[in-house]
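Q: build me a structure from this.
(2 chains)
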Number of protein chains: 2
Amino acid sequence: MLGFTYYTPTKVEFGKGAVEKVGALMKQFGGTRVLIHYGGQSAVRSGVLDRVKKSLDEAGIFHVELGGVVPNPHLAKVREGIELSKANGVDFLLAVGGGSVIDSCKAIAYGLAEPEHDVWELYAGQRKAKACFPVASVLTIAAAGSEMSNSCVITNTDEKRAYDDDLARPRFAIMDPELTMTLPDYQTEAGCADIMMHTMERYFVNSGTMELTDALAEGLLRTVMHNAEVLHTDPHDYDARAEVMWASSLAHNGLTGCGSDGGDWMPHLLEHEMGGMFNVTHGAGLAAVWPSWARYVYKNCLPRFVKYAVDVMAVTPGATDEETALAGIAAMEEFYHRIGMPINFKELGIDPTDEQIAEMAASCARACGGAKGSAKVLHQSDMEAIYKMLK
Amino acid sequence: MLGFTYYTPTKVEFGKGAVEKVGALMKQFGGTRVLIHYGGQSAVRSGVLDRVKKSLDEAGIFHVELGGVVPNPHLAKVREGIELSKANGVDFLLAVGGGSVIDSCKAIAYGLAEPEHDVWELYAGQRKAKACFPVASVLTIAAAGSEMSNSCVITNTDEKRAYDDDLARPRFAIMDPELTMTLPDYQTEAGCADIMMHTMERYFVNSGTMELTDALAEGLLRTVMHNAEVLHTDPHDYDARAEVMWASSLAHNGLTGCGSDGGDWMPHLLEHEMGGMFNVTHGAGLAAVWPSWARYVYKNCLPRFVKYAVDVMAVTPGATDEETALAGIAAMEEFYHRIGMPINFKELGIDPTDEQIAEMAASCARACGGAKGSAKVLHQSDMEAIYKMLK
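A: Coordinates of the predicted model:
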């Protein structure tokens, strides 16, 4: 087993009515002037924004608000948040939403902590952060895992870039599964695909053994698969919402990667280009990318693909390991289809030209610093080949 | 799924050579004057104490040391640690050892933070802590899980009492599996029994469903069982040491109890009396108690005992649920025997008189505030009956 660092300081309050604890938690963690950051009107309509403001008011905590964060959150909104926060002496960032809103908060928090620098430099790989303002969230979508993770993804025009740093791990996260009850099915299932991929990225690696981590990862993947199907039929099943919501955090807080080599992450990086260029839903983009990526790399990481097929997809081992691995990939495609997720460009609703594919591959290679991957190291030509398999 | 709070702020540095990071971590977490607390001479002989001191010296951090912590750590040593720390202006407690040493550190840390109060009041249930000095550990035994937990157990003459509070969760934990390579087999396997019981206490409950938590708990239990057997044959298997060490933390940091009702904890409380009166090895005492406890309570928590039998012990379901549950308990006894653990008083090497049993039951009932349990609520007469089953 490889060595690792594990650090998940985020305090989680999970369950019905947890929203009402936001004022007390904010006080406990020292927030006195709060930016409430959110996305569209659903946070207003659902009443969650009012509940948050009421709880902060009762705790005597000043707040301003900034909505309008979109999926694949933009740098422009981050800059707006930084200016608004400066003007109001904000000392704590509170996201009310999902991964996009939390990521936008993290970027604002980086920007506030080092106002002498341009925040995009972090995402462009030009420097490392030395500080970050405190962030917390009231989670309304189970997907990105940003509520406990060190990750943050921001889009600048059509460049979608990630920056990971423990400085941005949220102080607390409020998770009330009831807040996710009214999500459209496509968002729910794309969230499940995203959750699974955060663990799969850490699973398909060429490194030493990790027996406990594998047991946790496989248990998590089976649980999400089961409950994704439950929610596809009955979106109001509270327990299924709860299982998926808790899985979203554990899939991406580091737990399922302990003893791994850090993970592969090429499906994510391939998808980031699609998200940047076509603004597709992140989880759906991941589902679309994965089968082609898997068929391209599986021979280089065969034992893991065999184990996945048997222990996660419950495939009966075939005559050869290759057969078993391919059956596992096919079973995953069937699962994606059962929950309404795409497995290629067409089903995702996009139709990139060869030029656009070449452009995405070039941009992806740049984001990777040339080449990246653990299941298999991919170069620009590999990335282009995988995109072409998605046609 | 029930609501829950999850809070595991401890930063873990895991792997070969992690000991050398203690100076840098101490600096990062603000320790400037450190009490190094340890147990017997093995910490000296193994060289780990010297490695810790060297790393602290290199970071320019002042330290004093206090050894002599024994299993079932005593209040007298805690008081000694408080006085020594006061005299030296200590601001950070560093345990080099296992659960007993970490627990002794936590108690010293409580005592230092509120010097106007007697620290035993916390364990006697007379007040709650309002503050605690920072604690960290260099772990040398995988067992108690105290390196990430909020728990702390101290013995005052023959009263062994627990106090749980998030204030005492360690700031960081250094886990190098190589430090556990030379442990005697009995200690290793007692540690495995302890690790498993921390998760089993949270598993055998009468509360709502918790699918993800169950999957994680069952995966952890199977992993520990497998590696406990590996280590019984080959104590120098690094990967097995690593799996068990990481499991020790995850079994007791709260992860395997999310959505549970808080747990049953009667096997622990029954064992605490045995530890207090006969100074038995904690994990071995737990193994000895569990089968009798299980047979006494299983009918009141039948679905969980059936699930345990099938999903953890790989028992083929019998004609009735009762048959399956009992087969699971028998399989657990066989496992304990395979790793050299006791399943009754005689195998544990003690022979309590009826008067001593009555005394333990009375003391246990007092510690429980009269009655306690989730699988089944136990009163003093139940506790006495279970102790008698162990004869």
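Q: quick one: secondary structure of A:M197?
A: Using DSSP: H, G, I helix; E, B strand; the rest coil, the structure places A:M197 in helix.
Q: same check, this time on A:K11
A: Taking three-state DSSP, the label given to A:K11 is strand.
Q: packing partners for whichever strand or helix holds A:V101?
A: Element membership for A:V101 (DSSP states H and E) is helix A:99-113. On a contact count with 3 or more CB pairs under 8 Å, 6 or more residues apart in numbering or on different chains; DSSP states H and E, helix A:99-113 meets strand A:33-38, helix A:75-87, strand A:92-97, strand A:135-139, strand A:153-156. From N, CA and C alone the C-beta is placed, and that goes for glycine too.
Q: what about the residue of the stretch 51-200 of chain A found nearest chain B, neighbour count?
A: Per CB to the nearest CB, A:P177 is where the stretch 51-200 of chain A lies closest to chain B, at 7.9 Å. The number of residues packed around A:P177, counting by other CB atoms under 10 Å in any protein chain shown, is 24.
Q: who are the contact partners of it?
A: By CB atoms under 8 Å, 6 or more residues apart in numbering or on different chains, the contact list for A:P177 reads A:G15, A:K16, A:A142, A:Y238, A:R241, A:A242, A:M245, B:M1.
Q: gap between the third one and A:V64?
A: With distances defined as CB to CB, to the nearest Å, the gap from A:A142 to A:V64 amounts to 27 Å.
Q: of those two, who's got more company?
A: Set A:A142 next to A:V64 and count neighbours by other CB under 10 Å: A:A142 wins out with 33 against 15.
Q: look at that one and report its pLDDT.
A: For A:A142, the pLDDT comes out at 94.
Q: likewise the one 10 residues further on?
A: Listed pLDDT for A:C152 reads 96.
Q: A:Y163 is in contact with that one, correct?
A: Yes. Between A:C152 and A:Y163 there is a contact under CB atoms under 8 Å: 5.4 Å.
Q: give me the common contacts of these two.
A: The contact sets of A:C152 and A:Y163 overlap at A:Y110 (CB under 8 Å, 6+ apart).
Q: those two: which has the busier surroundings?
A: Set side by side, A:C152 and A:Y163 show more neighbours around A:C152, with 28 against 23, by other CB under 10 Å.
Q: residue contacts, the more buried one?
A: By CB under 8 Å, 6+ apart, the contact list for A:C152 reads A:D103, A:K106, A:A107, A:Y110, A:S146, A:A162, A:Y163, A:D164, A:D165, A:A168.
Q: can you check the pLDDT for the nearest residue to the last one once chain neighbours are set aside?
A: Leaving out its chain neighbours, the residue that sits closest to A:A168 by CB to CB, 6 or more residues apart in numbering or on different chains is A:K106, at 4.3 Å. pLDDT for A:K106: 98.
Q: tally of neighbours for A:K106?
A: Neighbour count for A:K106, taken as other CB under 10 Å: 32.
Q: what comes into contact with whichever strand or helix holds A:L49?
A: Using DSSP H and E, A:L49 sits within helix A:48-58. Helix A:48-58 is contacted from outside by A:19-24, A:26, A:34, A:36, A:38, A:43-44, A:63, A:65, A:94, A:96, A:138, A:140, A:179, using CB under 8 Å, 6+ apart.
Q: now the buried members of the residues you listed.
A: Neighbour-count burial (16 or more other CB atoms under 10 Å in any protein chain shown) is assigned, among those, to A:19, A:21-23, A:26, A:34, A:36, A:38, A:43, A:63, A:65, A:94, A:96, A:138, A:140, A:179.
Q: what residues does the stretch 1-150 of chain A have near chain B?
A: A:1-9, A:11-18 (CB under 8 Å from any CB of the partner chain).
Q: report the buried members of those.
A: With burial judged by 16+ other CB under 10 Å, the buried subset of these is A:1-4, A:6-9, A:11-15, A:18.
Q: not counting its neighbours along the chain, what's nearest the spatially most central residue of chain A?
A: Residue closest to the average C-alpha location in chain A (CA atoms, centre = their mean): A:A144, at 2.6 Å. Nearest non-adjacent residue to A:A144, counting by CB to CB, 6+ apart: A:G99, 2.3 Å away.
Q: enumerate every residue touching the one you found.
A: By CB under 8 Å, 6+ apart, the contact list for A:G99 reads A:I141, A:A143, A:A144, A:G145, A:S146, A:V153, A:D194, A:H282.
Q: just give me the closest of those residues to A:T324.
A: Closest approach between those and A:T324, by CB to CB: A:D194, at 26.2 Å.
Q: not counting its neighbours along the chain, what's nearest that closest one?
A: A:G283 (3.6 Å).
Q: name the next helix or strand following the helix or strand containing the one you found along the chain.
A: Using DSSP H and E, A:G283 maps to helix A:282-297. Using DSSP H and E, the helix or strand that follows helix A:282-297 in sequence is helix A:302-311.
Q: and for that next one, what's in contact with it?
A: A:200, A:203-206, A:214, A:218, A:294, A:298, A:315, A:317, A:321-322, A:324-325, A:327-329, A:331, A:375.
Q: same thing with stretch A:259-269?
A: Contact with stretch A:259-269 is made by A:1-2, A:4, A:162, A:197, A:200-210, A:212-213, A:257, A:286, A:289-290, A:293, A:297, A:364, A:367-368, A:372-375, A:378, A:383, B:242, B:246, as judged by CB under 8 Å, 6+ apart.
Q: buried among those residues? Need that as a selection in ChimeraX.
A: This is how ChimeraX selects the buried members of those, with burial counted by 16+ other CB under 10 Å:
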select /A:1,2,4,162,197,200,201,202,203,204,205,210,212,213,257,286,289,290,293,297,364,367,368,372,373,374,375,378,383 /B:242,246
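Q: in a helix, A:G275, correct?
A: Yes. Assignment of A:G275 by three-state DSSP places it within a helix.
Q: list the residues that contact it.
A: With contact taken as CB under 8 Å, 6+ apart, A:G275 is in contact with A:N72, A:T155, A:K160, A:H282, A:G285.
Q: now those in a markdown table, with pLDDT and neighbour count?
A: Converted to a markdown table, the contacts of A:G275 look like this (pLDDT from 0 to 100; neighbours: other CB atoms under 10 Å in any protein chain shown):
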| residue | pLDDT | neighbour count |
| --- | --- | --- |
| A:N72 | 87 | 21 |
| A:T155 | 93 | 24 |
| A:K160 | 85 | 24 |
| A:H282 | 93 | 27 |
| A:G285 | 97 | 30 |
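Q: alright, calling it a day.
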